[in-house]
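S.K.: fold the following for me, if possible:
(one chain, ligands or ions: 1)
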Amino acid sequence: MSQLPNRVPAPTWWQLLTWIADPIKFQDRYHQRYGDIFTMNLGRLGGYVVIGEPKLIQEIFSQDSKFEIGRGNVLAQPLIGRNSLMLMDGDRHKRERKLLMPSFHGERLQAYATQICAIADQIASQWHVGQPFVVRSTMQKISLELILQVVFGLSEGERYQQLKPLLTEWLDMTDSPLRSSLLFLKFLQKDWGAWSPWSQMKQRQRQVHQLLQDEISDRKNQGDAGRIDVLSLMMAARDEQGNAMTDEELRDELITLLFAGHETVATSLSWAFYEIHRQPHILEKLLVELESFGATPSVGAIAPQEDLLRIAQLPYLSAVCQETLRMYPVLPVIFPRITKAPVTLAGRSFDAETVLMPSIYLVHYREDLYPHPHEFKPERFLERQYAPSEYFPFGGGVRRCLGYALAQLEMKLVLATVVSRYRLELLETKPVKMQRRGFTLAPKGGVRMAIIGKR
Ligand code: HEM
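M.R.: I've put the predicted structure just below:
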């Protein structure tokens with residue numbers, strides 16, 4: 001039997017509550033005490049070996065077959081459903097990824113460039129000079145609109161109009177550490193009358209399910225010849241026995257993509273706006289780069305797709321986005337990896353059923369990789385290349401985020417569209433902190449800004 005490394009000695013109930021309340025503080029505290037590897041115990045949720053050592057993480061990423069990963073995501077099941085890609089393992093997971101991958105890469109991805117700018121343009125055009133706004137909510141409108149278009153190929157209609165606020169309300173139900181505890185504490189997941197948080201959550205979920213089911217049924221009845229959205233792709237797919245995906249499977253996958261695909265991008269964009277307006281020289285440099293490309297002020301829907309794709313290659317713009325994802329990991333840790341059998345990785349032995357949890361946060365704040373890690377410095381990414389185990393905002397190995405290319409394209413084009421058209425002012429007077437939002441980390445208060453003019 002191998003010993004679990006550096007077990008956190010505090011009572012398990014205390015560890016669980018601290019992990020829910022502030023996973024950053026938790027990691028800082030025990031990283032200081034134990035270094036790059038320690039084991040937390042979250043009571044009924046079990047023990048997790050938290051890892052901030054790139055050498056070990058590299059071995060985890062390169063030996064995927066030694067782990068079960070879907071099973072480790074079971075906490076998310078009440079939200080995303082049991083047929084979600086995130087909960088799958090082995091051949092089923094491989095097949096499902098192969099089916100979904102083309103929608104988020106290559107030519108399909110490139111075609112989204114114009115859509116991204118058009119949506120950003122349209123939502124920003126509703127702003128008024130002097131009007132304060134919460135960046136995260138606005139960015140969420142943009143990213144939700146895009147993911148709905150990509151996944152359903154829809155941008156209008158009653159059902160679509162109903163779905164948008166409903167999804168946002170549903171996700172907002174876990175918008176603070178306290179409200180997020182609903183996802184971690186099983187005893188809260190009980191229906192204690194219509195006004196209890198869990199029954200509210202379930203009620204919204206049922207409404208979302210009904211709307212998705214109606215859409216699936218309509219598509220079946222009307223046929224969807226010529227459509228290239230993700231839903232059509234899934235509906236046309238057949239397994240080896242010639243069976244189509246069931247309605248429940250379609251629905252769970254739709255919810256997974258809606259969930260994973262828009263909150264994350266909205267949060268990252270909010271941090272990017274925050275940082276570039278906190279340090280005006282960064283914004284200046286970005287504008288100079290965009291201007292030298294000739295991107296101002298017509299980055300929006302008018303620019304041809306090739307130009308937009310070239311904008312997305314601009315080095316400083318890319319570095320700003322990379323640095324944002326370094327400093328503000330949307331997920332503090334990646335999906336847990338459960339060892340199938342005893343295994344030795346980077347000289348450390350682990351028993352079967354050990355849950356390994358590489359920490360994006362711990363690695364992204366390593367002094368040896370990122371000197372002065374608390375400073376936002378896009379130049380790091382111009383001066384040095386990082387290995388996949390040194391920089392992994394999108395995770396790694398077979399589970400690497402399905403939407404990483406879309407997320408980056410979207411971040412770059414929304415930033416470019418907005419900063420080349422509008423002058424914004426940061427209204428935050430104190431540093432904004434990362435705060436738990438469901439399974440993710442988001443800026444506390446969402447980052448308040450105001451439009452001060454057009455360029
Ligand atoms: C800035 C935005 C995003 C960030 C930071 C992010 C981050 C991540 C991370 C860390 C993982 C876990 C990977 C691992 O454990 O190795 C993941 C998985 C996933 N992401 Fe993203 N993501 C983002 C945007 C998106 C978008 C736009 C989509 C939509 C298409 C998406 C869909 C997924 C899916 C489906 C998985 C599960 C993959 C699997 O289980 O095989 N994500 N993401």
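S.K.: rest of the way, CA atoms for contacts and neighbours
M.R.: Fine.
S.K.: excluding chain neighbours, what is closest to the spatially most central residue of the chain?
M.R.: With distances taken as C-alpha atoms, centre = their mean, the chain has residue 264 as the residue nearest its mean C-alpha position (3.1 Å). Spatial nearest neighbour of residue 264, excluding adjacent residues (C-alpha to C-alpha, 6 or more residues apart in numbering): residue 330 at 6.2 Å.
S.K.: wait, residue 49 touches residue 36, no?
M.R.: No: judged on C-alpha atoms under 8 Å, residue 49 makes no contact with residue 36 at a distance of 10.2 Å.
S.K.: with neighbour numbers in mind, choose between those two.
M.R.: residue 49 (23 against 20; other C-alpha atoms under 10 Å).
S.K.: number of nearby residues for residue 309?
M.R.: Here the number of neighbours of residue 309 (other C-alpha under 10 Å) works out to 17.
S.K.: reduced to three states, what does it come out as?
M.R.: helix (DSSP: H, G, I helix; E, B strand; the rest coil).
S.K.: pLDDT value on the residue lying closest to residue 245 once chain neighbours are set aside, please?
M.R.: Of all residues not flanking residue 245 in the chain, residue 235 sits nearest, at 6.6 Å (C-alpha to C-alpha, 6+ apart). Listed pLDDT for residue 235 reads 90.
S.K.: ditto for residue 168
M.R.: On the pLDDT scale, residue 168 is placed at 84.
S.K.: any idea which element it lies in?
M.R.: Taking DSSP states H and E as the definition, residue 168 sits inside helix 158-172.
S.K.: between the next helix or strand after that helix and helix 158-172, how many degrees?
M.R.: Using DSSP H and E, the helix or strand that follows helix 158-172 in sequence is helix 177-184. Calculated by axes from the mean of the first three to the mean of the last three C-alpha atoms, to 10 degrees, helix 177-184 forms an angle of 100 degrees with helix 158-172.
S.K.: how far away from the center of its chain is the helix or strand following helix 177-184?
M.R.: For helix 177-184, the succeeding helix or strand toward the C-terminus, using DSSP H and E, is helix 197-222. Chain-centre distance of helix 197-222: 23 Å, with C-alpha atoms, centre = their mean, to the nearest Å.
S.K.: from the contact counts, what lies against helix 197-222?
M.R.: Secondary-structure packing of helix 197-222 (3 or more C-alpha pairs under 8 Å, 6 or more residues apart in numbering; DSSP states H and E): helix 158-172, helix 247-278.
S.K.: can you list the ones you listed in CSV and add distance to the ligand?
M.R.: Formatted as CSV, those follow (distance: least, C-alpha to the nearest ligand atom, whole Å):
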stretch, distance to the ligand
helix 158-172, 15
helix 247-278, 3
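S.K.: contacts for stretch 254-270 next, please.
M.R.: Contacts with stretch 254-270, where a contact means C-alpha atoms under 8 Å, 6 or more residues apart in numbering, come from 80, 84-86, 135-137, 139-140, 142-144, 147-148, 151, 231, 324-325, 328, 330, 403, 407, 410-411, 415, 440, 442-443, 446-447.
S.K.: and the residue lying closest to residue 131 once chain neighbours are set aside, helix, strand or coil?
M.R.: Once flanking residues are discounted, residue 131 sits nearest to residue 450: 5.4 Å by C-alpha to C-alpha, 6+ apart. What three-state DSSP gives for residue 450 is strand.
S.K.: first-to-last residue distance for stretch 293-312?
M.R.: End-to-end distance of stretch 293-312 (C-alpha to C-alpha, to the nearest Å): 11 Å.
S.K.: in the element among helices and strands of the chain having the smallest mean pLDDT, what counts as buried?
M.R.: Within the chain, confidence by mean pLDDT, DSSP states H and E is lowest for helix 177-184 among all helices and strands, at a mean of 77. Buried residues in helix 177-184, counting neighbours by 16 or more other C-alpha atoms under 10 Å, are found at 177, 179, 180, 181, 182, 183, 184.
S.K.: what's the answer for stretch 412-426, then?
M.R.: Quick answer for stretch 412-426 (16+ other C-alpha under 10 Å): 412-422, 424-426.
S.K.: run the chain-centre distance for it.
M.R.: Between the centre of stretch 412-426 and the centre of its chain there are 21 Å (C-alpha atoms, centre = their mean).
S.K.: equivalent analysis for stretch 306-321, please.
M.R.: 20 Å.
S.K.: okay, and residue 48 sits in which element?
M.R.: Going by DSSP H and E, residue 48 is part of strand 47-51.
S.K.: ok, now how distant is residue 197 from the ligand?
M.R.: Note on residue 197: its distance to the ligand, by C-alpha to the nearest ligand atom, to the nearest Å, is 26 Å.
S.K.: show me what contacts that residue?
M.R.: Counted by C-alpha under 8 Å, 6+ apart, residue 197 has contacts residue 182.
S.K.: backbone torsions only: list them for the residue of the stretch 51-200 of the chain found nearest the ligand.
M.R.: As assessed by C-alpha to the nearest ligand atom, the ligand sits closest to residue 86 within the stretch 51-200 of the chain, at 3.8 Å. Per-residue torsions, residue 86: phi -60, psi -20 (degrees, to the nearest 10).
S.K.: look at residue 228 and give its secondary structure.
M.R.: coil.
S.K.: run a quick neighbour tally on it.
M.R.: By the criterion of other C-alpha under 10 Å, residue 228 has 15 neighbours.
S.K.: can you tell me the closest non-neighbouring residue to it?
M.R.: residue 153 (7.4 Å).
S.K.: just put the helices and strands packed on helix 197-222 in JSON lines and tack on distance to residue 201.
M.R.: Below are these laid out as JSON lines (distance: least, C-alpha to C-alpha, whole Å):
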{"stretch": "helix 158-172", "distance to residue 201": "7"}
{"stretch": "helix 247-278", "distance to residue 201": "14"}
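S.K.: burial measure for residue 310, as a count.
M.R.: Residue 310, neighbours per other C-alpha under 10 Å, totals 10.
S.K.: which of the residues in the helix or strand encompassing residue 109 are buried?
M.R.: According to DSSP H and E, residue 109 maps onto helix 106-124. Residues of helix 106-124 classed as buried by neighbour count (16+ other C-alpha under 10 Å): 109-110, 112-121, 124.
S.K.: close to the ligand, is that helix?
M.R.: No: counting by C-alpha under 6 Å from any ligand atom, the ligand has no neighbours in helix 106-124; the shortest distance is 10.6 Å.
S.K.: need the residues of the chain near the ligand, please.
M.R.: 85-86, 257, 260-262, 264-265, 268, 330-331, 334-335, 393-396, 399-404, 406-407.
S.K.: ok, residue 285 - contacts?
M.R.: By C-alpha under 8 Å, 6+ apart, the residues touching residue 285 are residue 316.
S.K.: ok, it to residue 316 distance?
M.R.: For residue 285, the distance to residue 316 - C-alpha to C-alpha - is 8 Å.
S.K.: so where's the chain shaky on pLDDT?
M.R.: Counting by pLDDT under 70, the low-confidence segments of the chain come to 295-302.
S.K.: give the buried subset of the residues of the chain next to the ligand as a PyMOL selection command.
M.R.: Burial among those is assessed by 16+ other C-alpha under 10 Å; the matching PyMOL selection reads:
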select buried, resi 85+86+257+260+261+262+264+265+268+330+331+334+335+393+394+395+396+399+401+402+403+404+406+407
